[in-house]
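Peer 1: Sequence and predicted structure, then a few things I'm wondering about:
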2 protein chains.
Amino acid sequence: MKPAELTDTEQRIKQAARQVFLRRGLDGARMQDIADEAKVDKALVHYYFRSKDKLFAIVFEEMAGRFLGQIGRVLTADVSFPEKIRLLVQHDTSMADDFPLVANFIMTELNQSQHRTNQPLTIRPLHDVQKLFVEQVNTAIEAGLIRPLNPVQLFVSLISLSLFPLVAQSLIQAILGLDGVQYQTMLTERTRSLPDFINQAIAP
Amino acid sequence: MKPAELTDTEQRIKQAARQVFLRRGLDGARMQDIADEAKVDKALVHYYFRSKDKLFAIVFEEMAGRFLGQIGRVLTADVSFPEKIRLLVQHDTSMADDFPLVANFIMTELNQSQHRTNQPLTIRPLHDVQKLFVEQVNTAIEAGLIRPLNPVQLFVSLISLSLFPLVAQSLIQAILGLDGVQYQTMLTERTRSLPDFINQAIAP
DNA sequence: AAATAGTTTTACCATTTGGTAAAACTATTT
DNA sequence: AAATAGTTTTACCAAATGGTAAAACTATTT
């Protein structure tokens, strides 16, 4: 009988797959690499997950779920607006190390899946989160805390300002000619200065 | 003797490679697909470009160059600051159709190249552009047009706000549960509202 | 027109890669 | 302990894929 909890082996394989897919993408990942990373035979990977696509779908769904969960939690946190913004801006340090990698990964694979023949990847929309966020924004507007603006636009602006510097690290580094250390310094300063930027942008 | 200008065939292959690499990435692209797209035999692709990696390097470099050129031109345009911001925000419509795809592509492959064994992809930093932009910001600050802020941080904020909604279209669509048409509508409204957002954020 | 140089096609190949059948092994049930 | 079910390893394979040698063809030069 199949136990409710996953085998140790099965877990190790999934964890390994996560790492390899994250680094190399669906096309770049090799089943052998995943097996090596998990220290099991390649046939075992197929035994547990049947095919590369199936394994990928599972891993992707889980990652996307966790990712959206993190974003959602911050967006709907029951704190004052300025505080929420600080939370959002700072989640790069507080969150998992591989957060940028995960964000980039999801973006890339979502895009690619549109071009692939196989069934497109989907992620569950944050309907409830979005609704809650919109309400909070509208309340803040009515209370005169922030100026009237479209909550969806604000949402997009906020995640743009907080996510892009993480997701596009390699690109921005290349443009500005910074190394990794310099970039981290920039990000640290950014954590301090960005809330002001945003708060002033939305002030009445 | 090799003519200075590229053969028609050679051009077609490069153009085809651009499209295929853009859609599928380095790992996902097949030499056969490129050949088909260019309507030539696969052997010809190798005849002109030797290997997949070489072809990719050439295509990538050209794309990155054009991409940075576009950004650079907007950033250093000799116009007033509010006007420059409008330019930056609107470049999504004025620029090539595949601008988001290109941005995403460059980001992804830059990231991946860090994980690959072969030589990392590099793009020429926008040193001169950056310098010019920093000067313009400082001038605007001294003139009291905008409040004092770190030009690099402003730079990052500006490209975050303008690029991310393009690059992360698939992700944001998924989060908000929007279809392509709804997203375009949102982007159009954004073109109007974003300059205000930015201008207020940087107002003295 | 003969020779040369450049281009395109044909016909391959060596490797890599996702995948599998079946043997071997281990735990669990009867 | 025999049988059964689940797990791991072994030994493969078919297809895909990047790449190439050489033939065939075309334009250019001598």
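Peer 2: Now that the structure is in, tell me what you want to look at. Numbering: from 1, shown residues only, chains lettered A, B, ... in the order given.
Peer 1: Nearest to DNA strand D: which residue in chain A?
Peer 2: Evaluated by Cβ to the nearest atom of the strand, chain A has residue A:43 as its residue closest to DNA strand D, separated by 3.4 Å. For the C-beta atoms, the positions are set from N, CA and C on the backbone; glycine is no exception.
Peer 1: Could you say which helix or strand holds that residue?
Peer 2: helix A:42-49 (DSSP states H and E).
Peer 1: Residue A:34 now?
Peer 2: Residue A:34 belongs to helix A:31-38 when assigned by DSSP H and E.
Peer 1: now swap in residue A:16 and tell me
Peer 2: Taking DSSP H and E as the definition, one finds residue A:16 inside helix A:8-28.
Peer 1: ok, and does that helix reach over to DNA strand C?
Peer 2: No. Using Cβ under 7 Å from any atom of the strand, helix A:8-28 stays clear of DNA strand C, with a minimum separation of 8.1 Å.
Peer 1: which one is residue A:125 nearest to, not counting chain neighbours?
Peer 2: Of all residues beyond its chain neighbours, the one nearest residue A:125 is residue B:177 (3.3 Å), with distances taken as Cβ to Cβ, 6 or more residues apart in numbering or on different chains.
Peer 1: Could you give the backbone dihedrals for that neighbour?
Peer 2: Here the main-chain torsion angles of residue B:177 (degrees, to the nearest 10) amount to phi 70, psi 40.
Peer 1: now swap in residue A:178 and tell me
Peer 2: For residue A:178, the backbone dihedrals (degrees, to the nearest 10) come out as phi -100, psi 150.
Peer 1: so it touches residue A:184, yeah?
Peer 2: No. Between residue A:178 and residue A:184 there is no contact, the gap being 9.4 Å when judged by Cβ atoms under 8 Å.
Peer 1: More neighbours: the two, which one.
Peer 2: With other Cβ atoms under 10 Å in any protein chain shown as the criterion, residue A:178 and residue A:184 differ in neighbour count, and residue A:178 comes out ahead with 17 against 13.
Peer 1: For that one, give its distance to residue A:17.
Peer 2: When distances are taken as Cβ to Cβ, to the nearest Å, residue A:178 and residue A:17 turn out to be 32 Å apart.
Peer 1: what does the domain assignment say about chain A?
Peer 2: Here the domain assignment for chain A is A:1-50, A:64-202, based on automatic domain parsing.
Peer 1: Can you give me the end-to-end span of the last one?
Peer 2: Here the two ends of domain A:64-202 are set 30 Å apart, with distance taken as Cα to Cα, to the nearest Å.
Peer 1: Heading C-terminal from the worst-scoring helix or strand of chain A on mean pLDDT, find the next helix or strand.
Peer 2: Sorted by mean pLDDT, DSSP states H and E, the helices and strands of chain A end with helix A:81-94, the least confident at a mean of 76. Going down the chain from helix A:81-94, the next helix or strand is helix A:99-115, by DSSP H and E.
Peer 1: in the helix or strand following that next one, what counts as buried?
Peer 2: Past helix A:99-115, heading to the C-terminal end, the next element that is a helix or strand (DSSP H and E) is helix A:127-142. Within helix A:127-142, the residues that qualify as buried by neighbour count (16 or more other Cβ atoms under 10 Å in any protein chain shown) are A:129-130, A:133, A:136-137, A:140-141.
Peer 1: for residue A:76, phi and psi?
Peer 2: Dihedral angles of residue A:76 (phi, psi; degrees, to the nearest 10) stand at phi -100, psi 10.
Peer 1: Quick one: neighbours of it, just the number.
Peer 2: Around residue A:76 there are 18 other residues, counting by other Cβ under 10 Å.
Peer 1: what do you get for residue A:17?
Peer 2: A count of neighbours around residue A:17, defined by other Cβ under 10 Å, yields 25.
Peer 1: Contacts only, for it.
Peer 2: Taking Cβ atoms under 8 Å, 6 or more residues apart in numbering or on different chains as the definition of contact, the neighbours of residue A:17 are A:29, A:34, A:37-38, A:45, A:49, A:55-56, A:59.
Peer 1: Same question for residue A:10.
Peer 2: Residue A:10 is in contact with residue A:48, counting by Cβ under 8 Å, 6+ apart.
Peer 1: what's the spacing between stretch A:163-173 and its chain's center?
Peer 2: Relative to the centre of its chain, stretch A:163-173 is centred 13 Å away, using Cα atoms, centre = their mean, to the nearest Å.
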